[in-house]
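In: Have a look at this prediction, sequence included:
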Amino acid sequence: MKYRVSHRTSYRYDAPISLGYSVARLTPRTFPGQVCHDSTTVIDPAPDDRSDRTDVFGNEVTWFSLERPHDHLDVVATSEVTVEGEPAALLMAASQRWDEVRDTLAHGGSPDVVVARSYVMRSPLVTPVAGLEEFVAPSFPPDRPLVDAVVDLMGRIYRDFTYDPGFTSVATPLSEVLEHRRGVCQDFAHLAIACLRTRGLAARYVSGYLETIPPPGQERLEGADASHAWFSVFVPEVGWIDLDPTNDQAVGNRHITLGWGRDYRDVAPLVGVLYTGGAGQHLEVAVDVVAIP
Amino acid sequence: MTDDVTDDVTDPTGLHRDAAVDGYDELTAPDGDLRDHWRYVIGSLRMMGRNELAERQADVSDLLRRDGSGHRRTQLRSQAGTGTSAVGPGADGSVDVVPVLVSSDDWSEIETGLVQRAELLDLMLEDLHGAQELVHRGIVPVEVVRRHPGYLPAVLGPPAGHVPGDGRHRLSHYSADLARNRHGSFEVVADHARTPAGLGAVLERRLALSRALPSLFRDAHVHRLAHFFRGLRRALEGLVPPERDEARIVILTPGSHAPDYFEHSYLAGYLGYPLVEPSDLTVRRGRVWLRSLAGLQQVDVVLRWVDDETCDPLELRGAGPGVPGLVEATRRGTVVLANPLGAASVENPGLVPFLPDAAEVLLGVAPTMASIASRWCGRPDHLSEVLDAFADDHQLVLVPLDTHSPRPLRPASMSARARDELAAELRSDPGRWVGQTLPAGGWVPTLVGEQIEPRPCLIRAHLVSRDDSYVALPGGTGRVPAPGAPLLTPHPGEAPSTTITKDVWVLASEPERAGTSLLADNAPAASSSAPLILPSPPTIAGSLPSRTAENLYWFGRHAERAEGTIRWARAVATRITDVDHSEQPSAVWVADLVSAVRVATGRRPSGLDGKGRDDSDGPTGDPHRDLLMLVGDPEDRDGVVAVLGRMGDAALTARELLAGDTWGVIDDIDDATARLRRRPPRSLAAALPDQARILTALSALAGLAAESTVRDPVWLFLDAGRRIERARVLAATSAAVLVPVHDADAQALVQETSLIANDSLITYRRRYRSRLRTRSVIELLLGDPSNPRSLVYQVDRLAEHAANLPAGDDTGSTPEVVERVAELASLLTDADLDRLAHRVVDGHRVELDDLLRHTGRGLTAVGGALGRHFLHVEAPRAMGAMTATGAVGGGGR
C-alpha cells in the first residue's frame, strides 16, 4: 500500500517568542517492510538554523531554531510511503516459548540479541509500577509460546482499558493509567512495553500513523487522523514483531512507521524549548493519511 | 630540626593520642620506626607542641573562612540538601592543619597507575558512545552501560570534528579517589569525569596551609601546584578550533546556589576565565555565545561544573534551565565542552569488574593500578558472592548503578530485617547493583581536638590531558571520614561537617625551584620598544557576563543602602535619646527624623500609603521601637539585616572579580548579622555596638572598592550602584528633614542630625563657623561638588560612568543612560540656593521639596535605563507537546 501522509503541527503564542529551539522526528524511516520515497518538513517562520541527522536508533531527526521574535510556528511534514506488511513473521515466531526467548536474551551473544537486550531495561518513561505484576502474570504461564502470550496480553489491554483521549496527557504516569484502566494509544503502548520488560523480554516503542476508515456511510474527514503509537517485541532469529494494542491487531499494511526507541521520549514527533515573557500557547495538530495509487 | 627529636618514636610531647591502626600505618613502619618521609614534618609538629599546633589550626580555619569558606559556604551547603551531585572536597567540613604526606616513590606509582587508567577510560568513553566494540565483543555487559545515567543516547556518536582514533583525548581532565589496602598498595575507589570537583578546593587549602605553616612548608620540599594548572590552561586552549584567532574559554557553574560554588569561583579567579551560569550562554546559528556587557561574544571552550543532564533542556532531561541547543553546538563541533557530554558514563561503578579485560583489548596491557574489589550482581556468580558476604563483611557496600552519586548501603551494619529487604531487592533486580569491598585505608596522623591520632584517609587525585598522555596534580585532597563512616567521598545528602579534609603534600626527592607561578612566561623577551604608560587599557567588557555586571550594581546599591540606614539610625538614635520628650512641645521634629530613617531604607516616610490609609508597618509613635525594627529586626524585609543579606548574595555571584580581601569583610558582616538573627537586640542601645561594627566593615568594603579595583566595567557598575543609592538616600532624607520648617531650636537639632548622618558636620563647622543656617546646610549637602557625600558629587560621578559605559551592547541603552544623567545634572545646575532655602509655603520649603522630588524621579529613570543595559533573560520553558492519542481504525472504539 502506498500512502501520502501529511502531519501539521501549529502553535499560536499569546506573547512573542524571542527564541525557540526544536527537535522534530517527522520523517518516516525506511526498513524492510517500508519504503519512504519522499519526505519534506516545512517550517514556518523559516528557521534561522536547521540541521538533519540520523540518531542512535536510526531515526531521522531535524533540529531547528527560530532566533527572531515570532508569534506562531507551523511545522508541516509531508511524506510518501509504501508499506508492505509481513504477517508471515507471526507464524514463523509461533513456535518459540516466551521463557526460552527470555533466556536467549539474558545469555545470548549474537549482535542482534545484544542490541535487543538494551530494550529489556527500564527507560525514562517505562519503569516498574505497583500492580503491574498482577496484571501481566496471567498472560505468561510457563512454556507458553511467545506470540500467544503477547497477543493475549494485547487483547487484555484492549478489553480491560478504556480508550479516553480526555484522560491522559504526555505526562500521565503509567501507574495512573494502570489504576484507572484508561488511556490513549501512547499509554497502551507503554503499558505493553512495561509488561514485556517485567518478563525479561525486549520491547520497543514505535511512533507512526494509521490509515483510518470512516464508518459506513460517512465521508472521510480531513485532518481527523492523529499520531499513532504501538509496540514491538523482539523474537530471536525472526526479528521485531509490531502489535497495536489500541486496535487489538498485528501491525499490517495500514500502519506507517515514523521511528522507534525505548519509549515516547526517544521518538516524540516534535519537542521544543522557548523563551517568552508571556504564558499562553495554543497547539493544534492535524494528520491526514491518504492511500494513493 | 635535630635528629634526636625526629627519631623519637615515643614522643614525650604528648602530642599523639594512642589509638589502634586498623589498616596500613602511614606514619610508622612495622619495625616501629617512623617512615622516612614523615620524619621531618612530624618532628617539626612535635617541636611546636600542642598549644602552638592548636593555634596554627585556628589560623588555617580562619584563613579559609576569610576566603569565603565561612558563613556563606555553610549556608550553601545546608540549603543544598540532596539535589546536587557534584560535591567536591571544597564542600567538606573542617580542614586539618596536618597534611597527608606522600613519598616521591609512592607518588610515581600513583601517577603511573592513574595516567594509564585515564587513558583507558578515555578510550572507553569513545567506544561506549561510538562503535561499542566492548559491548559487542561481550567484554562489558550492555546492561551495565545502558543503565547508568551517564550514558546518553542523545549524544551517542562521536561529535563533529572528532575523528575516532585521531589521538586526541575526549577526557580533558580525570579525577580518582584512592585508598591503600592493608598491604599498602593503592586502589582506585571511585572515578570522576563529569566535573573537576575538588580542583579549586585544592588551591584554597594549599594556600591556607602554606600560610599557616610557612617554614615547615618551605623546608619539607613539597611539590608545587602551579605547573599543573598551567597544564590545565594549555589543555583547554588546545581544544580551541584552529581557525579561531582569539579564543574565549569560560567556566560554567550551575550558579551561586551550588554547594561547591566557592570552588568554581576560586578556580575561575585563579585561571582568569569568566565564570558563567547557564543563563549567560545562548546558542545562535549553531554556536555558543556569552551574553556579555559588550553584546554576544562567541565561546569556544567550556570547562563545565554542570552535570550532563542539566546542560540542555531540549535534548537532555535534567532539572534546571541549562543552555538550549548546547548539545547541537557540540555535535557540530563549534564549541568544545571539557569534559564532553557523556563523560559521566565512565564513572559507572558497574564497569569496574570489567576494566582489566577492557584494558587488555584497548591498551593491550593489564592495568598497573588495581580497583577496589567490585562485583556486578547481574552476573549470578557475583551476586552469590555478594550475598554470601552480606551479614559479616563490614567493608562491603552496595551501590545502585542507575543513580549519580548514590548513597552506599552497608548491609553488615543494617538490622536483620533491613538486610533481608535489601537482599530481596538484589535478587529481584540484580543488574542494578554493584558490591564493593572498601579498603582499610592508609591511616594518617590527624589532629583531633588538641592531639594527633591515626585515621584512615581517602585521597582524591586529579589529572589533566597533555599531548598524547596525562599528567597528575602533585597533590590533592585527603579525606578522613567520621569514625565508623565508610571510606568514601561523602554523599551529597550527608552532613559534610563530619569529614575532615587534608592537604596532600607530595614530597620531592630534591628541592624544587620555589616561586613557580601560574603566570610564569618562558617566552623570550620581545625586542621591540613600548611606552610604559598604557595608552588605552584592554577592555574586559566582552568577558564580563551581563548578569555579573548587574549583580555588581546591586552589590553597590545594597551596601550603600545598608550604610545609609545605619548612619541615619545611629544619628537619630543618639539625638532622641539626648532629649526628654516631656519637655519637647514640638516633638513633631522627632517624627521627621524617624521618617528620614524610614526613607533611607526605601520605605514611605509616614507609613501612610498613597490613599491616606495606614500601612501595616507604619510608625508606632514610639520612635525607639520604630528605629529598632529597622536596624535590629532580622525579619523586617527593609531592615539592615535583610539588606545586608541581599548585598552578600549579589557579591557572591561576582566573587572572583572583587578585590582579594573583600570576602573577609563580607564574612565579618555575615558574622554580625548572624548574631542579630540569633539574638535580636531588645533595645536601641543594645543594637548600636553591632551596627557600629557593621558600619566599619561597610567602610572597609567601600575602601577596597575605591582603592583596589581597576577602573574598568567592574568598577563602573559597582560604583554606579553606590552613587545612585547614595543620591537616593540623600534626596529622600533631605525631603524628610530639610523641607519642613520648625522653630529655630528644633531646626538646629534636625539639621545637625542630618549633617552627622551625612558625615559632614566637621566640614560644616570648619567652613561656616557659625550656627546652623538652612542655606549653608543645603549648600554643603546638595550643591558642593567637593563633598563626596553631596548630591551633586554623586551626579557628577554618574555622568562619568555614563560616559564610560561599554559601547557595542545590543540593547542600545547607553545613550538613554547618558541622557537621563544629563537631565538630573541640569536639575541641580538650574536650582537657586536662596530660593531653595527661603521660599516657604505652609511651613514647607516648596522649591526644595520640588527639586528633591524631581531628583528622586530622575534617579529612578537612570536606574531604569541602566537596568535595560543588562540583557535580561527569561527562563526557558518547554513547548507544549501533543500526545500520540492514537488513530482508532478498523472499526475499533
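Out: Ah, there it is. Numbers count the residues shown, from 1 in each chain, chains lettered A, B, ... in the order given.
In: Tell me who's in contact with residue 190.
Out: Here I'm looking at chain A. With contact taken as Cβ atoms under 8 Å, 6 or more residues apart in numbering or on different chains, A:His190 is in contact with A:125-126, A:174, A:177, A:205, A:263-264. For glycine as for every other residue, the C-beta is placed from the backbone atoms N, C-alpha and C.
In: wrong one, I was asking about chain B
Out: Taking Cβ under 8 Å, 6+ apart as the contact definition, B:Ala190 lies against B:176-177, B:347, B:349, B:488-489.
In: and the longest helix seen in chain B, average pLDDT?
Out: Ordering each helix of chain B by length in residues (DSSP state H) puts helix B:546-578 first. Rounded to a whole number, the mean pLDDT of helix B:546-578 is 91.
In: Please see if that helix touches chain A.
Out: No. Between helix B:546-578 and chain A, judged by Cβ under 8 Å from any Cβ of the partner chain, nothing touches; the nearest distance is 15.0 Å.
In: Which of the contacts of A:His190 fall in helices?
Out: With helices identified by DSSP H, the entries of these that belong to them are A:174, A:177, A:264.
In: ok, how many other residues are close to the first one?
Out: The reference is to A:Leu174. A:Leu174: 21 surrounding residues under other Cβ atoms under 10 Å in any protein chain shown.
In: my read: it touches A:Ile193, true?
Out: No. Between A:Leu174 and A:Ile193 there is no contact under Cβ atoms under 8 Å: 9.4 Å.
In: Kindly state the pLDDT recorded for B:Glu246?
Out: 80.
In: before we move on, what about B:Ala508?
Out: The per-residue pLDDT reported for B:Ala508 equals 86.
In: What of B:Pro876?
Out: At B:Pro876 the predicted local distance difference test score is 78.
In: Find the residue closest to it in space, skipping its chain neighbours.
Out: With Cβ to Cβ, 6 or more residues apart in numbering or on different chains as the criterion, B:Pro876 has its nearest non-adjacent residue at 4.7 Å, and that residue is A:Val273.
In: And the contacts of A:His190, which is closest to B:Leu718?
Out: For B:Leu718, the closest of the contacts of A:His190 turns out to be A:Leu125, at 48.4 Å, with distances computed as Cβ to Cβ.
In: The residue nearest the centre of chain B in helix, strand or coil?
Out: Among the residues of chain B, the smallest C-alpha distance to the mean C-alpha position (Cα atoms, centre = their mean) belongs to B:Phe262, namely 2.6 Å. Secondary structure assignment for B:Phe262 (DSSP: H, G, I helix; E, B strand; the rest coil): helix.
In: Am I right that it is in contact with B:Arg655?
Out: Yes. Applying Cβ under 8 Å as the test, B:Phe262 and B:Arg655 come out as touching, 7.5 Å apart.
In: how about the helices in the stretch 51-200 of chain A?
Out: For the stretch 51-200 of chain A, applying DSSP state H, counting those that start in this stretch gives helices covering A:88-93, A:98-107, A:111-117, A:132-136, A:146-160, A:174-180, A:185-198.
In: Out of those helices, which gets the lowest mean score?
Out: For the helices of the stretch 51-200 of chain A, the bottom mean pLDDT is recorded on helix A:88-93, which sits at a mean of 64.
In: From A:Arg156, how far out is A:Ala149?
Out: A:Ala149 is 11 Å from A:Arg156, where distance means Cβ to Cβ, to the nearest Å.
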